[in-house]
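Q: What shape does this take:
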Amino acid sequence: MDLSTAKWIKASRSSNNGGDCVELARIAGTVAIRDSKDPDGPKLLLTPRSLRGLTQALKNG
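A: Numbering: from 1, shown residues only. Have a look, this model is predicted:
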């Protein structure tokens, strides 16, 4: 998937944690996730439903 035109936004929970930031972009029904310190590095591509599942699993430990 071509992410060159993606508009990346910093996750709201990433703003005050010492530079460990996650950025999200929504493109073609997919949510892309990347590390803001490595914008050219790997990206995780998830469906919105999978992202909800992931965030729930992380919250619940």
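Q: What pairs with the least confident helix or strand in the chain by mean pLDDT, parallel or antiparallel?
A: For the chain, counting by mean pLDDT, DSSP states H and E, strand 9-10 ranks last in confidence among helices and strands (a mean of 90). Strand pairing for strand 9-10, determined by DSSP bridges: strand 22-27 (antiparallel).
Q: Run through who's touching the partner strand.
A: 1, 3, 5-11, 13-14, 31-36, 39 (Cβ atoms under 8 Å, 6 or more residues apart in numbering). Any C-beta I mention is one placed from the backbone N, CA and C, and that applies to glycine too.
Q: Parallel or antiparallel, which strands does the next helix or strand after it pair with?
A: Once strand 22-27 ends, the next helix or strand along the chain (criterion: DSSP states H and E) is strand 30-35. Paired with strand 30-35 in the same sheet, following DSSP bridges, are strand 22-27 (antiparallel), strand 44-46 (antiparallel).
Q: for these, which one sits closest to residue 58?
A: Nearest to residue 58 among the strands paired with strand 30-35 is strand 22-27 (11.2 Å), distances taken as Cβ to Cβ.
Q: Look up the closest residue to the residue most central in space within the chain, ignoring the ones flanking it.
A: Closest residue to the average C-alpha location of the chain: residue 33 at 2.4 Å, with Cα atoms, centre = their mean. In space, and not counting its chain neighbours, residue 33 is closest to residue 44: 4.4 Å by Cβ to Cβ, 6 or more residues apart in numbering.
Q: Thank you kindly, that will do.
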